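Engineer: Here's a sequence, model it:
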Amino acid sequence: MSTKKLKRGTVWNCGCIPKGNAKNGMLAEDLTGQRFGKLVAVRRMDNRRGRTCWLCRCDCGQTKVVQANALKAGRVKSCGCLFRGMDITGQRFGQLTALYPTTKRDQKHSVLWHCRCDCGNEVDISYGNLVYGNYKSCGCLQAENQQKITERLHHVDGTCVEWLEKRKHRSDNSSGFQGVSKTGNGKYRVSIGFQGKRYYLGTYEKLQDAVEVRRSAEQTLHESFVRDFHRWEEIAENDKEWADAHPFAFHVTYRNGNFQVQSSMDPGPDVQKKG
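Structural biologist: Here you go, the predicted structure:
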């Protein structure tokens, strides 16, 4: 036995007394007989890098030493047999059909299977990603879903209507309010983005003043845009000819600290007649 370990107290028994938890010195949880996927905990082993380890027996007959936290978190569920030697030829996983195993493996040593997607593309995907449902297509399913989402959104005059309607206060900046950021000297800088542009609205001593300026700008730009678009949309649904002759438009200019808005839904003869 190392003299240094004896003097430091790292080793103080022959191993007959279970080692304590690496973090708080308490006795480790007894996992004897518990099942984790295909693994059954058999007995406690020596700690590795300060982590409690258990000798486990796999359903395939092999044994494996696994850290207790990996077992309980479900990160390890077999001796490795789940990722090698399992024949899934012809099985379907979403839109993918497993054709044959390749000689390649991923970073977790899981065999890559050559698969054919319902769209006709062929890709190599690891056994683990297939059986755990991480992949269900060659990527076309995700692209298709994204396209459906895009088609459901209204992009008008360079602006997404749904985004403006569902915007919320954010806490990912220094003030906790979207468009209001705290500067190095303790003041609050205000800005707002609209139609691909960002407008600087000034710097203020008090957070309350900055937030009020930001909210006023939101009412002038965001809320007015949404309100006018829905008014236009309601008329357009009943009169396509009018809609073709009066496309929706919302123009903004910013001069001397003030916004000037010109909307196709501003009061006028055509709008009054239809509205």
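Engineer: what's the offset of stretch 200-207 from the middle of its chain?
Structural biologist: How far stretch 200-207 lies from its chain's middle: 33 Å, per C-alpha atoms, centre = their mean, to the nearest Å.
Engineer: Can I get it in PDB? Just the C-alpha atoms.
Structural biologist: Extracted in PDB, the C-alpha atoms of stretch 200-207 (Å, rounded to 0.1, in the frame of the first residue of the first chain):
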ATOM      1  CA  TYR A 200     -32.200  53.700 -32.000                       C
ATOM      2  CA  LEU A 201     -34.600  55.500 -29.600                       C
ATOM      3  CA  GLY A 202     -32.200  57.100 -27.200                       C
ATOM      4  CA  THR A 203     -30.600  56.500 -23.800                       C
ATOM      5  CA  TYR A 204     -32.400  57.100 -20.500                       C
ATOM      6  CA  GLU A 205     -31.400  57.500 -16.800                       C
ATOM      7  CA  LYS A 206     -34.300  55.500 -15.500                       C
ATOM      8  CA  LEU A 207     -35.400  52.000 -16.500                       C
END
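Engineer: got the buried residues for that stretch?
Structural biologist: Neighbour-count burial for stretch 200-207 flags 201, 204 (criterion: 16 or more other C-beta atoms under 10 Å). Quick note: C-beta positions are derived from backbone N, CA and C, even for glycine.
Engineer: Can you list the neighbours in contact with it?
Structural biologist: Residues outside stretch 200-207 that contact it (C-beta atoms under 8 Å, 6 or more residues apart in numbering) are 175, 177, 180, 183, 187-192, 210, 213-214, 217, 257.
Engineer: Out of the residues you listed, name the ones that lie in helices.
Structural biologist: Those of the contacts of stretch 200-207 mapping onto helices are 210, 213-214, 217, per DSSP state H.
Engineer: could I get these as JSON lines with pLDDT, neighbour count and distance to residue 108?
Structural biologist: Output for these, formatted as JSON lines (pLDDT from 0 to 100; neighbours: other C-beta atoms under 10 Å; distance: C-beta to C-beta, whole Å):
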{"residue": "210", "pLDDT": "91", "neighbour count": "24", "distance to residue 108": "49"}
{"residue": "213", "pLDDT": "92", "neighbour count": "20", "distance to residue 108": "52"}
{"residue": "214", "pLDDT": "90", "neighbour count": "21", "distance to residue 108": "47"}
{"residue": "217", "pLDDT": "91", "neighbour count": "19", "distance to residue 108": "50"}
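Engineer: Among these, which pair sits farthest apart?
Structural biologist: Greatest spacing in the ones in helices among the contacts of stretch 200-207, by C-beta to C-beta: 210 and 217 (10.9 Å).
Engineer: Name the helix or strand for the residue lying closest to residue 187 once chain neighbours are set aside, please.
Structural biologist: Among residues not flanking residue 187 along the chain, residue 203 sits closest, at 4.9 Å (C-beta to C-beta, 6 or more residues apart in numbering). Using DSSP states H and E, residue 203 sits in strand 197-204.
Engineer: Many thanks, I have nothing further to ask.
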